[in-house]
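[1] Attaching a predicted model along with its sequence, questions to come.
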Amino acid sequence: MHQPKQTNLRLSATRRWPLLLVLLLCLGALSTSAQTKKITGKVTDEAGNPVSGASVREKDSRRGTATDAEGRFSLTVKDGATIIITSVGIQPREVATGTAGNYDVQVKARDNALNEVVVTALGIKREKRELTYSTQQVTGAALSASKETGVLNALTGKVSGVQITASSGQPGASSRIVIRGNSSLLGNNEALIILDGIPVNNDQTGNPSGGGNGTSRLSDIDPNTIESINVLKGSAASALYGSAAARGVVLITTKGGAFNSKPKVMVNSQYSFENPILPKIQTRYAQGDRGVYFDGDTKKTSAVWGPSVDSLRSVGLLKYYKNPMDAFFTTGKTWTNTVSVSGGNDKSNYFFSYSNLDQSGTVPTTKYGRNAIFAKFGNRLTNQITATFQANYSLATNHAIPEGYDLTDPLWTVYTSPSTWNPLPYLDSAGKQRVFRLSRNNPYWDLYNIYTNNKISRFIPVLTVVYKPLDWLTVTERGGADTYTEQPDYYEAPSTALVTTGKIIQNSSNFRQFNNDLIAEARHGFGGFDVSFLLGNNIQSTYSQTHSITGTGTSLANFDNVTNGAVITGYETHSLVRKIGFYAQANIDYRNFLNLSLTGRYDGTSVLSTDKNFYPYGSASAGFIFSELLKVPAISFGKLRVSYSSVGNDNVAPYSLTTPYTIAGGFPYGGNSGFLISQSLGNPYLRNEITKEAEVGLEMQFLRNRLGFEVSYFNRNHDNLLTQGVPIAPSTGYNSTTLNAAFMTNKGFEALVNITPVKSRNFTWDMTLNYTRIRNKVTKIFGNTPQLQIGQTWAFVGKPYGVFYSPGYLRDSSTHEIMVDASGLPITTPNNEIIGNLQPDFLAGVNNNFTIKNWTVGFFLDYRKGGDILNSDDRYGYFYGTPLVTQNRQDLVVKGLVQGTKQQNTKVVHAEDYFQRINTNYEAAMQSGTYLKLRTASIGYRLPAQMLGKTPFNAVSLTLTGRNLFIYKPGFTGSDPEVSSYGTGNGSQGVYGNTVPTSRSFNLTLNVVFK
């Protein structure tokens, strides 16, 4: 598709560098003339072991450093200063310095992590107690415990305020992550992903045919390289990250080496097998219609309304009998092997990891593979300059089948097949397909003749240089890129059953995103105040390009090259988006109990109107640690926090300002190209949307941190939402446009509870509970428009985002009873009605971990209450007679009122007539999304250290993990109500249909650390 030239966004160096000069002048004013000296030391625990990574800072100052792997530190302080030492799991220690130059400090263990250092916006590390907004961190160990092959699925249920939805059980299938509810009607609603300080792409790609879902690009990242994930939920936490941060931020921090540490080699090997959780269908009745038997060979039909299997067996006519799902699906297998090496000396450190993932799916022929290499190298170039370079490279391959409601999807046939017809062999003696019904392929023929092969090569380099010219000043330069090439090829052989001529689509996509941040941060203390001030500049450029060639009318069998097509057409599309931002942050801490944080950002983007493409926004947040004043022994920690933020967003596709041209049908023709102007009118007046959020939170810890909780309430308003596809009058010559069209609110309550009911030398029980309740409402759509179609669902003014608007039961206006016609069958409304809502009432999770000497036991329960699901498998199946509910085939009386007389219905109808009537009634297929899952359960054993004394091993552990061992879904008849069958897009949510089911799996993991 031809794209008009886009206005470039430029900012000259003369506008950038004066700001930096002003910055340095301001920072210089913070310096003092007091006499200073350099001290050194070593921090050890009660057993004499070094404490690495501990924070060592001067009291009433922002001078600070961290201990290395040997627990050593060096720091410049004022004469007579007091240093404070803090770290995870130790009690803070204050040490007064005198005339000595070296200080060896022993610290005691503590039962809390209030001084835990967490990664916040822009990769800046803060102590958790200092934070004035809601964040939640998940360790890499907790992610690994889930034994998921993808990062997002491993995060599912572990963080309050976050909803993650898988699209399918097919290997490599995409997942959707939304933080604090949807923030856009038709734009991107998924969280921004940050990897070690730079944004990375998480689009769903790899599906050129358009049938079903693809793969989320975060799947390219090996979960074994992740040190931790920190989720910034509120806008105040993420305002510094720019426009995309309005949707929340997922900060991924990767592993690295340590200075002055011996080389460590770790090997991790995992094997798992997956069995699909299949929906129950009726297998009591055979293929046929009105009780008449059809054998599927000489007589064909799509109906499974034939005689009972027992009656066929009794007269010797039963030739084959097997559940078609049990016959089709198989046991999936996954091998994952990872080896890593880390270490360092006094000048440098390193971490290297290689992993291989080989997964075969529960659908025969489907598979997913990934080879990932990760390397990180850090170096102290001078006493003031440290540089870290890292590179993440992955090569992934995927072989997938179509899913969803496309005739090429083999699952559509499998889920509605009779149990009395044998689909094998799928070819007859003449080499033609064997089918039990017309207009459907044999599903086994589909496996080898309709598929997508995809190859993805991805490279993510990051260079970070930290310059510390003064104790109180740090300048960071971070540059990185996210680049990948992708080649998804779709092959569809000619089909006599579908009367199709064959198709081959070969795509080639390139994505390049470059990001650079220059950050200067000053820290200074005076009196009871600790003050930090940050200034920064961000430049980002994102380019994407796709070439696509389609060949139709193939003639050569098993030749999946586009030149096999009789007619070959192609197109190319590309886009370039540029962004620039300036940001600032001030943090003020008063005597460790009052914290104030102010942020501001000024963004420019190339996708908005030229006179409105720069926009400011910011946030203010405060924390009051009242436990520092109360000094109540039972209260270990107490903090009240409040925040308000306003974040701008440019959530619109590039070139929405103009009206592009599209390729005309039938062209090229006679050597000439032909184009038509698009039916979507460009809007040159687009401005940024804005998200305003107020939040209040309370954090408490009791009984030496054996009991604690964190609760947050937030109120978000999304104004001037950029909305594509808004219908306009056909008299304009167009059918839609892009507008700042909508307003929406999200209000919610989040809770996190940590409990340690038992803690002894040989036995510990830790429990974590999380809860999320969000209420969403669309408050306005442009003009007097009452509703806007999202895809499978709709947005209605005054209703939650994502209501189902389809034909339902015609009901009596006064009694709300179902109306039936004169034949006794229910009447379907002639027009669409609101029949459901995909938003859940609440989400909750409970995680339990037990440590018994060298044994570890854990299990994680995940619960969702409410939210509607459209079970399209049942809706279509009602006509065919395959859902389990159709097994009851006795004549029935439909409860309801007769249209016209409004008398209670007494007409007796056949079950087949009833179910085939409600086949067109979407309300009949609306089901509850409530579920309770035993998402993971595990048991592990670590060999005692004394057994490894003379071996080359430092640690050896073996773990058995089960996933989805139990799913309770009282109102849902499909495999899993958590799955969204059409992918991660807005218009795909809440619909279940013809998708690879969720699997129940068992994983055995061997982890070995060499000396």
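    Right, received. Where do you want to start?

[2] Just checking the distance from stretch 822-839 to the centre of its chain.
    The chain centre lies 34 Å from the centre of stretch 822-839; the measure is C-alpha atoms, centre = their mean, to the nearest Å.

[3] Below-threshold pLDDT in this structure: ranges please.
    1-34, 47-49, 53, 62, 69-70, 88-89, 109-117, 121, 123, 211-212 (pLDDT under 70).

[4] didn't residue 335 look like it was pressed against residue 273?
    No. Under the criterion of C-beta atoms under 8 Å, residue 335 is not in contact with residue 273, lying 10.4 Å apart. The C-beta positions use only the backbone N, C-alpha and C, and glycine is treated the same way.

[5] for residue 228, which residues make a bridge with it?
    Beta-bridge pairing of residue 228 under DSSP bridges involves residue 139, residue 253.

[6] so who does it touch?
    Taking C-beta atoms under 8 Å, 6 or more residues apart in numbering as the criterion, residue 228 is in contact with 118-119, 137-140, 253.

[7] so which of those is the most crowded?
    Within these, most neighbours by other C-beta atoms under 10 Å means residue 119, with 22 neighbours.

[8] and the most centrally placed residue in the chain, what does it touch?
    Closest to where the C-alpha atoms of the chain average out (C-alpha atoms, centre = their mean) is residue 177, at 3.2 Å. Residues in contact with residue 177, defined by C-beta under 8 Å, 6+ apart, are 152, 155, 162-164, 190-191, 202, 250.

[9] Please, where are all the strands along the stretch 651-800 of the chain?
    661-663, 675-677, 680-681, 689-702, 707-727, 736-759, 763-781, 787-789, 794-796 (DSSP state E, counting those that start in this stretch).

[10] in the chain, which spans are helices?
    Secondary structure of the chain (DSSP state H): helices located at 13-28, 140-145, 151-155, 235-238, 309-314, 324-328, 410-414, 443-449, 627-630, 872-880, 911-918.

[11] out of the ones you listed, deepest packed?
    Highest mean neighbour count among these (mean count of other C-beta atoms under 10 Å): helix 235-238, with a mean of 30.

[12] re the thing from before, what is the most widely separated pair among the contacts of residue 228?
    Greatest spacing in these, by C-beta to C-beta: 118 and 140 (13.7 Å).

[13] still on that earlier bit, can you say which of the helices of the chain is nearest to residue 389?
    Of the helices of the chain, nearest to residue 389 by C-beta to C-beta is helix 140-145, at 21.0 Å.

[14] counting contacts, what elements does that closest one pack onto?
    Applying 3 or more C-beta pairs under 8 Å, 6 or more residues apart in numbering; DSSP states H and E, we find helix 140-145 packed against helix 151-155, strand 226-232.

[15] could you dump those to TSV with distance to residue 373?
    Conversion of the helices and strands packed on helix 140-145 to TSV gives the following (distance: least, C-beta to C-beta, whole Å):
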stretch	distance to residue 373
helix 151-155	17
strand 226-232	15
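
[16] which one of these lies closest to residue 655?
    Comparing the helices and strands packed on helix 140-145 by their distance to residue 655 (C-beta to C-beta), the top pick is helix 151-155, with 29.5 Å.

[17] what about that closest one, distance to the chain center?
    With C-alpha atoms, centre = their mean, you get 7 Å for helix 151-155.

[18] What of stretch 574-591?
    With C-alpha atoms, centre = their mean as the basis, stretch 574-591 stands 24 Å off its chain's centre.

[19] Give the buried residues for it.
    Going by neighbour count (16 or more other C-beta atoms under 10 Å), the buried part of stretch 574-591 is 576-585, 587, 589.

[20] Check stretch 287-306 too.
    Residues of stretch 287-306 classed as buried by neighbour count (16+ other C-beta under 10 Å): 287-289, 293-296, 301-306.

[21] how about stretch 64-71 as PDB, C-alpha atoms only?
    Extracted in PDB, the C-alpha atoms of stretch 64-71 (Å, rounded to 0.1, in the frame of the first residue of the first chain):
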ATOM      1  CA  GLY A  64      26.300   6.300  48.300                       C
ATOM      2  CA  THR A  65      27.600   3.100  46.700                       C
ATOM      3  CA  ALA A  66      27.000  -0.600  46.800                       C
ATOM      4  CA  THR A  67      29.200  -3.500  48.100                       C
ATOM      5  CA  ASP A  68      30.700  -5.800  45.500                       C
ATOM      6  CA  ALA A  69      30.600  -9.600  45.500                       C
ATOM      7  CA  GLU A  70      33.200  -9.800  48.300                       C
ATOM      8  CA  GLY A  71      31.200  -7.300  50.400                       C
END
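
[22] what comes into contact with it?
    The set of residues external to stretch 64-71 that reach it, using C-beta under 8 Å, 6+ apart, is 42-44, 49-58, 73-75, 258-261, 344, 523.
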